[in-house]
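[1] Need a 3D model of the sequence below.
(2 chains)
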Amino acid sequence: MARFRAMGSPCELLCDVDHATEVKDLAALAQFEAQRIERAFSRYLPGNIIARINQAAGTPVTVDDETAMLLDYASTCHRLSSGRFDITSGVLRRAWTFDGGALVPTPEQLRPLLELVGWERVDWQSPVLRLPAGMEIDLGGIGKEYAVDRAAALLGERTSNPFLVNFGGDLFASGLRRNGLPWIVGVDDPEQTGLEAVGQLRLERGGLATSGDARRFVLYQGRRLGHILDPRTGWPVEGAPRAITVAAATCLEAGTLATLAYLRGAEAESFLIEEGATYWLA
Amino acid sequence: MQLNEPRPGTIRGALRAAACTLLAAGAATVPSNARAAAGDRWNLETATLIYGEKGGTTIFEPIFRVSRLYTNGQRLSAKLGFDTMTGASATGAMPSTRPQTYTTPSGNQQTTPAGKIPTRGFHDSRFSTDLAWEAPVGHLVKTNLGGHVSAETDYQSFGVNGTVSVELFQRLTTVSLGAGLNHDTVDPVGGTPQALGTGREDKGTHPKRVIDGMVGITRVLTRRWLVGLNVGATKEDGYLTEPYKVVSVVDPEDGEQVGTIAEKRPGKRERTSILSSSVYHFERDVLYLSHRYYHDSWGVRSQTIDGRYRLELNEGRYLQPHVRYYAQTAADFYTFGLHSGDDLPESASSDYRLGDMRSSTVGLKYGFPLASLPGEFSVRGEYIRQWGDQHPAGAVGAQRQLELYPTYNIGTLQLGYSVGF
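    So this is what the prediction gives:
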């Protein structure tokens, strides 16, 4: 096993090869890919394609192939979620402080921000993107899961031994362990993250990701509002389970499905059932 | 812009397609291939088993298994096996203080020296194939369907089976229900022996039907510990007799054999078994333990204790020691020999596999990768000793001087290779 930090999260690679140097080599590869994706797509870093798009002030930007594919994916998610999943919703965070306190924005504070949200206002004709001035995009909702799958693909080319990639709780397992058993993944108690795992689940092959509001919330009129916002109203999604974990063929599919379910609020579980998803709720 | 609401139930499929497109496209933009993460996978396993009893049967059995795991969770697997068996197996007749001559079904004569257990030489090949299909139904249910066919000179077997398993309680518990049907045909070489007699009836085939059911539960207790309980019941009816096994008829006074007659078993057998198992995962190693209790309507009861420990070495190699102990009580109709002049019983057999017996196994498996080839190689060797009561209480006269129950020393060697691609 090897640990490293990337994308603001603790990351680990478990691999059924005990030759220490091989694990180290594989971990270096995974870390390299995670950092490449972080540098390329983080909205916090200057000079990358996201910064260029967000600072273009209404002028068209021609993007590279990888960015174009990510934007296509985000666009599909927007359509499939009827507008609930929106990579332009990041500006709403200016009005919210999810520190466990009781401060919520007024409708007057939210209204101008909502004017800056909505993928349908964006002109996306691959590979050219024109974002209306003042709007921003943020690929944070899919970046980590994408990085997990990308790292797994690179590792799969390098080794035929079974491995598990874990970037801050978003996982991909390449197959049964060498001893013929599935990987057993501990699930944190959403109330006390980081403490003893409260549940275990078995993962043979594919991705696993969680969407939830465990750590960041506000308390409003006795209600706990999580940090995931509905871009259509500017308000946190209410009534969703605290944490939704989904298993799917890839980590990206798992993470997106978990997020789309969360965005359904109280209907999260019926959505997951309807879609035939493999899921766990906390 | 007016968004069209996607049809419920179609979102996951559309997402999967979009994710695959994005990840596969990554291959073109950066030097990598996303199929490893997103595509179907094949697995090939081959194994060759060599089984040898000291002075007895030798079996050579290569097996190939190919399976394909699809991204939607379905798995299709096919197995092909071909055994060749040669050697000698005990006829059931007891040893004698004089040499014994036995005529084989094909007319050859074999002579057993005094004091030795009579055996019948044979050579046979068996071909077998099976097909299994595993498919998830919804998100908590998995189904398994399978079928098999096997054939050797005097025995054919056809079977189908199915299992449904459901995951419950946050998927920590799996409950399985299974059922199987088998239809076998026995066609003894040289005709069917007359039960508890010396003659032979016309050639003809005899059916044997087997129905079985199983209910099982496995539970993840902790991150490291998995336990399971399986209860199985089997009902067999039809021709359950072994056509080449005989029973000695002895003089009740001096215990010498006066002749042999063909054995006969009841036409029905009901079996029940309870298997409990535990898999414990240490930091690297794994300990597997199981206990099986079995009993059937023939009066056979048995217990098996089995333990394996997988010791991980470096560079992908592992060692796996194995120990097993088995003890069984005899079937109600098991006998070392019938007394001449007594009424014939309903059923009688001297097949050592139905006697009071113990067996113990020690084995070692070594798995290793080769730098030049993908996949894993393994070598497994086992030594099995099987023994019973050689001087049972009911022995009379000469029987007391003879070793009535054969002791077997068996060695097996298995070479395996498995690879995923």
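
[2] just the helices in the stretch 51-200 of chain A please.
    Shown for the stretch 51-200 of chain A, the helices assigned by DSSP state H, counting those that start in this stretch span residues A:65-80, A:107-114, A:140-158.

[3] Also chain B?
    B:11-29, B:35-38 (DSSP state H).

[4] Which of the helices of the stretch 51-200 of chain A sits closest to residue B:396?
    Counting by Cβ to Cβ, residue B:396 lies closest to helix A:140-158 out of these; the figure is 71.2 Å. Every C-beta, even on glycine, is put in place using the N, C-alpha and C of the backbone.

[5] Could you check the angle that closest one makes with helix A:65-80?
    Going by axes from the mean of the first three to the mean of the last three Cα atoms, to 10 degrees, helix A:140-158 is angled at 130 degrees with respect to helix A:65-80.

[6] I'd like the average pLDDT over helix A:140-158.
    In this model, helix A:140-158 has a mean pLDDT of 90.

[7] Mind checking if it is in reach of chain B?
    Yes. Among the residues of helix A:140-158, A:146, A:149, A:150, A:152, A:153, A:154, A:155, A:156, A:157 lie within reach of chain B under Cβ under 8 Å from any Cβ of the partner chain.

[8] just to revisit the earlier point, deepest-packed of the helices of the stretch 51-200 of chain A, please.
    Between these, helix A:140-158 has the highest mean count of neighbours, a mean of 25, where neighbours are mean count of other Cβ atoms under 10 Å in any protein chain shown.

[9] Export that helix to CSV, keeping only CA atoms.
    Taking C-alpha atoms only, helix A:140-158 is exported to CSV below (Å, rounded to 0.1, in the frame of the first residue of the first chain):
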residue,chain,number,x,y,z
GLY,A,140,-15.0,19.9,-9.2
GLY,A,141,-18.2,17.8,-9.2
ILE,A,142,-16.6,15.2,-11.6
GLY,A,143,-12.9,15.9,-11.4
LYS,A,144,-11.9,13.5,-8.6
GLU,A,145,-13.9,10.6,-10.0
TYR,A,146,-12.5,11.2,-13.4
ALA,A,147,-9.0,11.2,-11.9
VAL,A,148,-9.7,7.9,-10.2
ASP,A,149,-10.8,6.2,-13.5
ARG,A,150,-7.9,7.8,-15.4
ALA,A,151,-5.3,6.6,-12.8
ALA,A,152,-6.9,3.2,-12.8
ALA,A,153,-6.7,3.0,-16.6
LEU,A,154,-3.0,3.9,-16.4
LEU,A,155,-2.4,1.3,-13.7
GLY,A,156,-4.3,-1.3,-15.6
GLU,A,157,-1.8,-0.9,-18.5
ARG,A,158,1.2,-1.2,-16.2
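
[10] now that helix against helix B:11-29, angle please.
    60 degrees.

[11] before we move on, the earlier item: if we only consider the residues of helix A:140-158 next to chain B, which is nearest to residue A:228?
    Checking the residues of helix A:140-158 next to chain B against residue A:228 by Cβ to Cβ gives residue A:146 as the nearest, at 18.6 Å.

[12] Pull the contacting residues for that closest one.
    Neighbour list for residue A:146: A:37, A:70, A:251, A:252, B:22, B:23 [criterion: Cβ atoms under 8 Å, 6 or more residues apart in numbering or on different chains].

[13] Most neighbours among the residues you listed, which one?
    Neighbour counts for the contacts of residue A:146 peak at residue A:251, which has 34 neighbours (criterion: other Cβ atoms under 10 Å in any protein chain shown).

[14] What score does that one have for pLDDT?
    What the model reports as pLDDT for residue A:251 is 95.

[15] Identify the residue spatially nearest to it, adjacent ones excluded.
    Distance criterion Cβ to Cβ, 6 or more residues apart in numbering or on different chains; nearest residue to residue A:251, sequence neighbours excluded, is residue A:207 at 3.1 Å.

[16] Of the helices of the stretch 51-200 of chain A, which is nearest residue A:10?
    With respect to residue A:10, and counting by Cβ to Cβ, the nearest of the helices of the stretch 51-200 of chain A is helix A:140-158 at 12.0 Å.

[17] for the helices of the stretch 51-200 of chain A, which one sits closest to residue B:379?
    By Cβ to Cβ (comparing all of the helices of the stretch 51-200 of chain A), the closest turns out to be helix A:140-158, at 27.2 Å.

[18] rewinding a little: would you mind confirming that the residue nearest to residue A:251 is in contact with residue A:258?
    No. Counting by Cβ atoms under 8 Å, no contact exists between residue A:207 and residue A:258, whose distance comes to 10.3 Å.

[19] List the contacts of the residue nearest to residue A:251.
    With the criterion set at Cβ under 8 Å, 6+ apart, residue A:207 makes contact with A:145, A:148-149, A:170-172, A:247-255.

[20] ok, 7 Å please
    Contact analysis of residue A:207 by Cβ atoms under 7 Å, 6 or more residues apart in numbering or on different chains lists A:148, A:149, A:171, A:172, A:248, A:249, A:250, A:251, A:252, A:253, A:254.

[21] Also residue A:174?
    If you count contacts by Cβ under 7 Å, 6+ apart, residue A:174 has them with A:152, A:156, A:162, A:163, A:205.

[22] Now distance to residue B:129 too, for these, in a markdown table please.
    Conversion of these to a markdown table gives the following (distance: Cβ to Cβ, whole Å):
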| residue | distance to residue B:129 |
| --- | --- |
| A:152 | 35 |
| A:156 | 32 |
| A:162 | 29 |
| A:163 | 34 |
| A:205 | 26 |
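
[23] which regions of chain B sit below the pLDDT cut-off?
    Residues of chain B that meet the criterion pLDDT under 70 lie in B:1-5, B:25-40, B:71, B:102-108, B:139, B:170, B:203.

[24] most residues in a single strand of it, which one?
    Of all segments of type strand in chain B, defined using DSSP state E, the longest is strand B:119-137.

[25] Render the CA-only coordinates of it in PDB, please.
    Written as PDB, here are the backbone C-alpha positions of strand B:119-137 (Å, rounded to 0.1, in the frame of the first residue of the first chain):
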ATOM      1  CA  THR B 119      -8.900 -55.300  -7.000                       C
ATOM      2  CA  ARG B 120     -10.300 -54.900 -10.500                       C
ATOM      3  CA  GLY B 121      -8.100 -53.300 -13.100                       C
ATOM      4  CA  PHE B 122      -9.700 -50.700 -15.300                       C
ATOM      5  CA  HIS B 123      -9.100 -48.000 -17.800                       C
ATOM      6  CA  ASP B 124     -11.600 -45.300 -18.500                       C
ATOM      7  CA  SER B 125     -11.900 -41.800 -19.800                       C
ATOM      8  CA  ARG B 126     -14.400 -39.200 -18.800                       C
ATOM      9  CA  PHE B 127     -15.300 -36.100 -20.700                       C
ATOM     10  CA  SER B 128     -17.200 -33.300 -18.900                       C
ATOM     11  CA  THR B 129     -18.300 -29.800 -19.700                       C
ATOM     12  CA  ASP B 130     -20.300 -27.200 -17.900                       C
ATOM     13  CA  LEU B 131     -21.700 -23.800 -18.600                       C
ATOM     14  CA  ALA B 132     -22.700 -21.100 -16.100                       C
ATOM     15  CA  TRP B 133     -24.300 -17.800 -16.400                       C
ATOM     16  CA  GLU B 134     -24.400 -15.200 -13.600                       C
ATOM     17  CA  ALA B 135     -26.500 -12.100 -13.900                       C
ATOM     18  CA  PRO B 136     -27.500  -9.400 -11.500                       C
ATOM     19  CA  VAL B 137     -31.200  -8.500 -11.400                       C
END
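
[26] check contacts around residue 14.
    I went with chain A, as the question did not name one. Applying Cβ under 7 Å, 6+ apart to residue A:14 gives the contacts A:1, A:163, A:164.

[27] wait, I meant chain B there
    For residue B:14, the set of contacting residues under the criterion of Cβ under 7 Å, 6+ apart consists of A:76, A:80, B:6.

[28] All set, thanks.
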